[in-house]
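Participant: here you go, sequence then predicted model.
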There are 2 protein chains.
Amino acid sequence: MAQPNYPDDKRLAVEKALKEFFPSRKNYPELIYKAMRHSLFSGGKRFRPVLMLTTAEVFEKKPIDVMPAACAIECVHTYSLIHDDLPAIDDDEVRRGNPTCHILFGEDMAILAGDALFSEAFYMIAKYQTSDKPKNIIRVIEELSDASGPRGMVGGQVLDILSTGKKVDLNTLTYIHSHKTGELIRASCRIGAILAGASEDELNVISNYAENLGLAFQVTDDILDVIGHVALLGKEPGGDERKDKATFPNLFGLDNSKKIAKEAIDNAKNVLDNINRDTKSLVNLADFVCERNK
Amino acid sequence: MAQPNYPDDKRLAVEKALKEFFPSRKNYPELIYKAMRHSLFSGGKRFRPVLMLTTAEVFEKKPIDVMPAACAIECVHTYSLIHDDLPAIDDDEVRRGNPTCHILFGEDMAILAGDALFSEAFYMIAKYQTSDKPKNIIRVIEELSDASGPRGMVGGQVLDILSTGKKVDLNTLTYIHSHKTGELIRASCRIGAILAGASEDELNVISNYAENLGLAFQVTDDILDVIGHVALLGKEPGGDERKDKATFPNLFGLDNSKKIAKEAIDNAKNVLDNINRDTKSLVNLADFVCERNK
């Protein structure tokens, strides 16, 4: 299936900005930067920063003007992948076709590379993000820390671990997905909107869009783990089942999972009608999420 | 040896504020909060927050007014201890007389409890720290993230790991100590001064004080690991030697290490003469660092 147009211009702009922030020159001690760069530059879609840039643009802020926050959210995402992959958690040896951070650099360096990326995320925003309202930058940091902590991403990861190998109900599965993946996707949209000066009403609409998008994103991930191709996924499909993970296909079967993803995307697109702006680019990203094959 | 007066009023105020932020009510998922609380409420001296409160007071800011930032720095310190104790890093089973986080809650939860405390640190500042200058709050976040990341604490930890079992020179040992321990102590003083509106000149003096204090603090730690009592330390002394860690007593012997600590404390106290404020409380803390027995 052809991929809908992904905004590659934005992806490349994020790539460039991340490379400027993490150049390959020799920082000291060098090893930790190598470990950080290994995971940060491994061919990700940069979905979260692209989403932030796109949302900011809808509210008439130039994408480049939210770049520090956009790079920060990619650092948070990457740190979470490094820690998730650790032997004590998911014990994954391959990601995006490459050895995971701890396979190449050892568990100790992988733990610290995750920690380092997490601290750099906040540093990037505090040091480089500009706004005519400094309070908006503080709010962005509040959003990002809340979304990534125990009430957000970490909370979802905890419940995912506790649920592995158990029969889970829809409430639990929804909690896991909406926190482990959803919160950071929601924060990407909200931060883009906040920095662009969106109204609270617009922010609510964008949050609703993002929650539906996040659900569709994770259900699609679950589906791809069942039917995906190794060459596109960069890893063997079937990992969730081998690990006895709670997933939508496990709970509802493949066909119903596809319906759930489709419905969430329709909801995401429909809710955008409540904003009096040109939201085509966000509709396009929603289509991408549903139709992506990796 | 008697301990100089430690400002227990400030320590207790920090304790109370941390308990308000992390109450024992049931957050969901509960396990991660239990793990966080286990490590956070294990009888620490609260040295870094007390130092921040004391510095703020020197510059005429009420200690209570910097409490969110003070609690945040204790969260960062605690997260770093949890990750340091992990089997892949220092593999410590006991800290402050209690089982370490991963011993009680498993490695997966310990990794995530550290991550969660780190994110909560930034959340606390962004959500609760007030200032008549919002830009100062952003600067505080910059200081804290810089001090805890790869150019700060994580960098020191990386070099500590890379140096274990090797013959290190004074430069390397100083780098390890000034980054692994020193940067957060420096940030504690700087953040207290920044929030209190200290001038850039005063900030430089305070940084100089803190750098000397941090050096003395770590050298004293090294010394206590050789000569300390298990009942006071809450762990068996001799851990550094068993792990073949780079320490000042290893490099210079005990007597010279004591001289180095004493000199650093004298420097810390002398530099305070360059501030036209009542700095008795900071002098007192410097004496505590040098004479503490745990």
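Facilitator: Here it is on my side, so go on.

Participant: for A:D146, what are its contacts?
Facilitator: A:152, A:187, B:119, B:123, B:127 (Cβ atoms under 8 Å, 6 or more residues apart in numbering or on different chains). Where you see a C-beta, it was placed from the backbone N, CA and C, and this is true even at glycine.

Participant: kindly report the same for A:M36.
Facilitator: A:M36 neighbours (Cβ under 8 Å, 6+ apart): A:22, A:113, A:116-117, A:120, B:150.

Participant: need the distance between the two termini of stretch A:20-39.
Facilitator: 16 Å (Cα to Cα, to the nearest Å).

Participant: pick out the most distant pair among the contacts of A:M36.
Facilitator: A:F22 and A:A113 (11.3 Å; Cβ to Cβ).

Participant: need the pLDDT of the nearest residue to A:G228 once chain neighbours are set aside.
Facilitator: Closest residue to A:G228 apart from its sequence neighbours, by Cβ to Cβ, 6 or more residues apart in numbering or on different chains: A:P237 at 4.4 Å. We note a pLDDT of 72 for A:P237 in this prediction.

Participant: which SSE is A:P237 in?
Facilitator: Following DSSP states H and E, there is no helix or strand that holds A:P237.

Participant: that one: how many residues sit nearby?
Facilitator: 16 (other Cβ atoms under 10 Å in any protein chain shown).

Participant: what mean pLDDT does the helix or strand where A:Y209 lies have?
Facilitator: Element membership for A:Y209, per DSSP H and E: helix A:200-227. The average pLDDT for helix A:200-227 rounds to 95.

Participant: which bits of the stretch 101-250 of chain A sit near chain B?
Facilitator: A:106-109, A:111-112, A:114-116, A:118-123, A:125-127, A:134-135, A:137-139, A:141-142, A:144-146, A:148-152, A:154-155, A:157-159, A:161-162 (Cβ under 8 Å from any Cβ of the partner chain).

Participant: re the thing from before, more crowded one of A:F22 and A:A113?
Facilitator: The neighbour comparison of A:F22 against A:A113 (other Cβ under 10 Å) goes to A:A113, with 30 against 19.

Participant: name the nearest residue to that one, ignoring sequence neighbours.
Facilitator: In space, A:A113 is closest to A:A35, 3.8 Å off (Cβ to Cβ, 6+ apart).

Participant: what do you get for A:G44?
Facilitator: A:R96 (6.8 Å).

Participant: touching, that neighbour and A:S42? I think so.
Facilitator: Yes. Between A:R96 and A:S42 there is a contact at 4.7 Å, judged by Cβ atoms under 8 Å.

Participant: ok, now which ones touch the residue nearest the centre of chain A?
Facilitator: With distances taken as Cα atoms, centre = their mean, the residue of chain A nearest its centroid is A:R48 (4.7 Å). For A:R48, the contacting residues are A:70, A:73-74, A:77, A:184-185, A:188, by Cβ under 8 Å, 6+ apart.

Participant: kindly indicate which of those lies nearest chain B.
Facilitator: Closest to chain B out of the contacts of A:R48 is A:L184 (11.5 Å), distances taken as Cβ to the nearest Cβ.

Participant: that closest one against A:S148, yeah?
Facilitator: Yes. Counting by Cβ under 8 Å, A:S148 is a contact partner of A:L184 at 6.6 Å.

Participant: what sits in contact with each of the two?
Facilitator: A:76, A:80.

Participant: show me which of the two is the more surrounded one.
Facilitator: A side-by-side neighbour count of A:L184 and A:S148, using other Cβ under 10 Å, places A:S148 first with 30 against 25.

Participant: which of the residues of the stretch 101-250 of chain A next to chain B fall within helices?
Facilitator: The members of those that map onto helices under DSSP state H are A:107-109, A:111-112, A:114-116, A:118-123, A:125-127, A:134-135, A:137-139, A:141-142, A:144-146, A:148, A:154-155, A:157-159, A:161-162.

Participant: quick check: what element follows the worst-scoring helix or strand of chain A on mean pLDDT along the chain?
Facilitator: One helix or strand of chain A scores below all others by mean pLDDT, DSSP states H and E: helix A:230-233, with a mean of 64. The C-terminal neighbour of helix A:230-233 among helices and strands, as given by DSSP H and E, is helix A:239-242.

Participant: that next one packs against which elements?
Facilitator: When contacts are defined as 3 or more Cβ pairs under 8 Å, 6 or more residues apart in numbering or on different chains; DSSP states H and E, helix A:239-242 packs onto helix A:200-227.

Participant: what is the helix it packs on packed up against?
Facilitator: Using 3+ Cβ pairs under 8 Å, 6+ apart: helix A:200-227 touches helix A:47-58, helix A:170-177, helix A:183-195, helix A:239-242, helix A:248-252, helix A:254-271, helix A:280-291.

Participant: okay, angle between that helix and helix A:254-271 too, please.
Facilitator: 160 degrees (axes from the mean of the first three to the mean of the last three Cα atoms, to 10 degrees).

Participant: any idea how many residues pack against A:N284?
Facilitator: 15.

Participant: check the gap between A:Y28 and A:V140 for me.
Facilitator: 30 Å (Cβ to Cβ, to the nearest Å).

Participant: setting aside sequence neighbours, what's the nearest residue to A:L112?
Facilitator: B:V154 (5.3 Å).

Participant: I figured the one you found hits A:F118, correct?
Facilitator: No. If you go by Cβ under 8 Å, B:V154 and A:F118 don't touch, sitting 9.6 Å apart.

Participant: overlap in contacts of these two?
Facilitator: Shared contacts of B:V154 and A:F118, defined by Cβ under 8 Å, 6+ apart, are absent.

Participant: which members of the contacts of A:D146 define the maximum pairwise distance?
Facilitator: Greatest spatial distance in these: A:A187 and B:K127, 14.5 Å, computed using Cβ to Cβ.

Participant: more neighbours: those two, which one.
Facilitator: A:A187 (29 against 16).

Participant: what about the closest residue to the more buried one other than its chain neighbours, how many residues close to it?
Facilitator: With sequence-adjacent residues excluded and distances taken as Cβ to Cβ, 6+ apart, A:A187 is closest to A:A147, at 3.7 Å. The tally of other residues near A:A147 (other Cβ under 10 Å) stands at 25.

Participant: enumerate every residue touching A:A147.
Facilitator: A:A147 makes contact with A:153, A:183-184, A:186-187, according to Cβ under 8 Å, 6+ apart.

Participant: nearest to chain B among these?
Facilitator: A:M153 (8.3 Å).

Participant: quickly find the element holding the residue nearest to A:A113.
Facilitator: Per DSSP H and E: helix A:30-40 holds A:A35.

Participant: flag every buried residue along that helix.
Facilitator: If you call a residue buried by 16 or more other Cβ atoms under 10 Å in any protein chain shown, then helix A:30-40 has these buried ones: A:31-40.

Participant: export these as CSV, with columns for pLDDT.
Facilitator: Supplementary listing: those in CSV, determined by pLDDT from 0 to 100:
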residue, pLDDT
A:L31, 95
A:I32, 96
A:Y33, 96
A:K34, 96
A:A35, 97
A:M36, 97
A:R37, 97
A:H38, 97
A:S39, 97
A:L40, 97
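
Participant: I figured A:V154 hits B:F118, correct?
Facilitator: No. Counting by Cβ under 8 Å, A:V154 does not reach B:F118; the two are 9.6 Å apart.

Participant: figure out which of the helices and strands packed on helix A:200-227 is closest to B:L272.
Facilitator: helix A:183-195 (41.3 Å).

Participant: what helices or strands is the closest one leaning on?
Facilitator: helix A:47-58, helix A:67-85, helix A:134-148, helix A:153-163, helix A:200-227.
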